[in-house]
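K.L.:
please find the sequence and the predicted model below.
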Amino acid sequence: VIYGTQDGGQVMIGRLASAEGIPVRIDLDKLITRHSAVLGSTGAGKSTTVASLLRSIALGGSAEGGTGFPSARILLLDIHGEYGRALRSVSTVFRVNPSADEQPLHIPFWALDPADLLTFLMGNVRTLIIPLVKSH
């Protein structure tokens with residue numbers, strides 16, 4: 001949906017590049033109940049689009065703010081560090097090596113599957129176990 005209304009679960013994610021006065025809206029219900037992808041070549045604005053979408057969800061669908069969606073829970077694994085600055089004002093950033101304005105990321109050992117915990121502590125368990133079994 002490009003043209004729509006703010007009611008009915010639609011949030012504004014930006015404005016048309018060719019017509020700044022026309023807001024672009026997307027229906028959140030349709031977005032989250034279906035598979036979605038943001039595709040494009042390098043430099044096309046994929047990260048900017050995702051950040052804009054997440055910001056719109058957090059702010060309630062308008063650039064000026066709104067009531068937001070306080071019960072929304074979004075987990076974004078930002079492997080390349082693209083979203084921390086863009087979303088810092090509307091999110092909590094957790095990091096393994098946090099700066100002053102970030103929260104430390106802690107994963108309790110009991111939250112891991114035993115095999116994952118062993119892999120974390122000892123490396124790939126399969127490559128360790130097979131030689132041990134063969135030698136005995």
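P.N.:
On my side now, so go ahead.
K.L.:
ok, longest strand in this structure?
P.N.:
strand 19-27 (DSSP state E).
K.L.:
please, which helix or strand holds residue 12?
P.N.:
Counting by DSSP states H and E, the element that carries residue 12 is strand 10-16.
K.L.:
residue 116 now?
P.N.:
When secondary structure is defined using DSSP H and E, the element that contains residue 116 is helix 114-122.
K.L.:
could you name the helices and strands sitting against that helix?
P.N.:
Helices and strands touching helix 114-122, as assessed by 3 or more Cβ pairs under 8 Å, 6 or more residues apart in numbering; DSSP states H and E, comprise helix 125-135. For every residue, glycine as well, the C-beta is placed using N, CA and C.
K.L.:
got the angle for the longest strand of the chain vs strand 10-16?
P.N.:
150 degrees (axes from the mean of the first three to the mean of the last three Cα atoms, to 10 degrees).
K.L.:
neighbouring strands for strand 19-27, and are they parallel or not?
P.N.:
According to DSSP bridges, strand 19-27 forms sheet pairs with strand 10-16 (antiparallel).
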